[in-house]
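Undergrad: Need coordinates for the below:
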Amino acid sequence: MIWNSALQNMRENRMTGWKKYAALFGMAALVMCMGVSQTGCSGRERENTETDDGKISVVTTIFPPYDFVREIAGDQVEVKMLLKPGEETHSYEPTPQDIIAIQESDVFIYTGGENDVWVEDILSSMPDDDRITLRLLDCVDTVEEEHVEGMKGEGGHDHDEGEEESVHEIDEHVWTSPLNASAIAGQIAEVIAAADPENAEIYEENCGRYQKELLDLDAEFRNVVNDSERKLMIFGDRFPFRYFVDEYGLNYYAAFPGCAGDTEPSAATMAFLIEKVKEEGVPAVLKMELSNDDIANAIAEATGTEVRVFYSCHNLSAEDFENGETYLTMMRKNVETLKEVLN
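TA: All right, here's what the predicted structure looks like:
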């Protein structure tokens, strides 16, 4: 990925910020030790990792694996998501309570990659205590984020027509393809069953049902694409959908790559996207959930089109969380949006 200066600073801050995480880990360890009676702080006993009702503890960093665990395990486990609904994923920082939750979990699931450097640092500094960890990037074949025509480049450079640069950062948004989500769900079922073999059959059965729903979702997307007039999506936003467009053979233009730190596109980028909307007759400009809609609105106003949300499912609003939205419900909304955008 072509990192702009803002994102480069963010990465440097993450790497040099380990002292802060070490301090947080020290605080968390102190809190844990203060709560330990006679067993001491040398490590947790395996029999004490279950919750009061005998359920194992599963902790995830973000929403997609959290939702997959709910589908697979139901109320057989206690599942906790560290990222609060409505929070911006890329600015998340763990609290001492979050580190304690990881330390005490039976299964810990995280994405991996550039935005989870803090996870790797923390895991390397705490005893595993038979904890099972799962990294989503290890569940599927990964691709690199790409810098396509029109995107604002590093240092404000905008690429000339036909120019495309190779990148070297892994796209972490692996769940945006339903088939990837199915593969991830299968891995989650396996690690939960390993931590709780008594209920392994339940997890296997639930996972099979859920994977069937994901395959049905995949078929819906394929039908929409196969019956569409065009194969182009235009985002007035960042673009965390490489796995999605690759899966269904779609093309795209966007203001920024998937994890870009940019918030303001250049004038050249805006002009490029506006012209593409007009040339291609695209009926709606897309944006992600929970992101600023200024860019998409400006493009839509200049082209007489509308703005539609296309869910990355990275996180969801507190209201949507309370209303029971899931990966499947948000992706089914994407099916309907895609029908409109491609026709």
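Undergrad: For the longest helix along the chain, list every residue counted as buried.
TA: Using DSSP state H, we find that the single longest helix of the chain is helix 200-226. Neighbour-count burial for helix 200-226 flags 202-203, 206-207, 210-211, 213-214, 217-218, 220-221, 224-225 (criterion: 16 or more other CB atoms under 10 Å). Where you see a C-beta, it was placed from the backbone N, CA and C, and this is true even at glycine.
Undergrad: If the nearest residue to residue 194 once chain neighbours are set aside is in a bridge, with which residues?
TA: Leaving out its chain neighbours, the residue that sits closest to residue 194 by CB to CB, 6 or more residues apart in numbering is residue 132, at 6.0 Å. On the basis of DSSP bridges, residue 132 is bridged to residue 107.
Undergrad: hmm, back to that, which elements pack onto the very next helix or strand once past the longest helix of the chain?
TA: As assigned by DSSP states H and E, the chain's next helix or strand after helix 200-226 is strand 232-235. Contact analysis of strand 232-235 by 3 or more CB pairs under 8 Å, 6 or more residues apart in numbering; DSSP states H and E lists strand 251-254, helix 267-280, strand 284-287, helix 327-342 as its packing neighbours.
Undergrad: Mind giving me the packing neighbours of the longest one?
TA: What that stands for is helix 327-342. The contact analysis (3+ CB pairs under 8 Å, 6+ apart) places helix 327-342 against helix 63-73, helix 200-226, strand 232-235, strand 284-287, strand 306-309.
Undergrad: got the CA positions of it in CSV?
TA: Taking Å, rounded to 0.1, in the frame of the first residue of the first chain, the C-alpha atoms of helix 327-342 are listed here in CSV:
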residue,chain,number,x,y,z
TYR,A,327,-23.0,-9.6,9.5
LEU,A,328,-25.7,-11.3,7.4
THR,A,329,-28.3,-8.5,7.8
MET,A,330,-25.8,-5.8,6.8
MET,A,331,-24.5,-7.8,3.8
ARG,A,332,-28.0,-8.5,2.6
LYS,A,333,-28.5,-4.7,2.6
ASN,A,334,-25.4,-4.6,0.4
VAL,A,335,-27.1,-7.0,-2.0
GLU,A,336,-29.9,-4.5,-2.5
THR,A,337,-27.5,-1.6,-2.8
LEU,A,338,-25.4,-3.4,-5.4
LYS,A,339,-28.6,-4.0,-7.5
GLU,A,340,-29.1,-0.3,-7.6
VAL,A,341,-25.5,0.7,-8.3
LEU,A,342,-24.8,-1.8,-11.1
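Undergrad: residue ranges with poor pLDDT in this protein?
TA: For the chain, the stretches with pLDDT under 70 are 1-52, 152-168, 260-263.
Undergrad: again, 90 this time
TA: By pLDDT under 90, the low-scoring segments of the chain are 1-54, 88-93, 113-117, 125-130, 145-169, 256-266.
Undergrad: Tell me who's in contact with the spatially most central residue of it.
TA: Centroid check for the chain by CA atoms, centre = their mean gives residue 314 as the closest residue, at 3.7 Å. Remark: with contacts taken as CB atoms under 8 Å, 6 or more residues apart in numbering, residue 314 is in contact with 62, 63, 64, 89, 173, 240, 288, 290.
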